[in-house]
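J.: fold the following and give me the result.
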Amino acid sequence: METGKQFSIEATIHGKRTQIQVTPAETTDGVTFYKCMAGSEEITQIRNDEGYWKQIWGALNSDEIVAIGAIIDSYAEKNKIVS
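T.: Numbering: from 1, shown residues only. Okay, the predicted model is just below:
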């Protein structure tokens, strides 16, 4: 996925439908991760690690991370984005 190309998704966070701005970024060794913002607050950073979505920063539960990851996967497939 193109680094820095921000897009919006909607996911349930803490029981509430939330608009999330997702910005792809890369670690220094080239691994893509996603910064997720709700309004002006960064709520998590996640990455897909060998087919599993993992939180690298934040305090969301595993179900929320999996849901956000699935939405990112769906967005990428729909828009033909590759990492």
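
J.: C-alpha only now, for contacts and for neighbours.
T.: Fine.

J.: strands of the protein, start to end?
T.: Here the chain has its strands, by DSSP state E, at 7-13, 16-26, 32-38, 41-49, 52-58.

J.: tabulate these (TSV), appending mean pLDDT and distance to residue 80.
T.: Shown next, in TSV, are those (pLDDT from 0 to 100; distance: least, CA to CA, whole Å):
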stretch	mean pLDDT	distance to residue 80
strand 7-13	95	14
strand 16-26	96	15
strand 32-38	96	16
strand 41-49	96	17
strand 52-58	96	19
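
J.: with respect to residue 75, which of the ones you listed lies nearest?
T.: strand 7-13 (8.2 Å; CA to CA).

J.: before we move on, the earlier item: can you tell which of the strands of the chain is closest to residue 67?
T.: Of those, nearest to residue 67 by CA to CA is strand 7-13, at 7.1 Å.

J.: pull up the pairing partners for that closest one, direction included.
T.: Applying DSSP bridges, strand 7-13 is found paired with strand 16-26 (antiparallel).

J.: quick one on the thing from earlier: for the strands of the chain, give me a markdown table that also has mean neighbour count.
T.: Putting those into a markdown table (neighbours: other CA atoms under 10 Å) gives the following:
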| stretch | mean neighbour count |
| --- | --- |
| strand 7-13 | 15 |
| strand 16-26 | 17 |
| strand 32-38 | 21 |
| strand 41-49 | 17 |
| strand 52-58 | 15 |
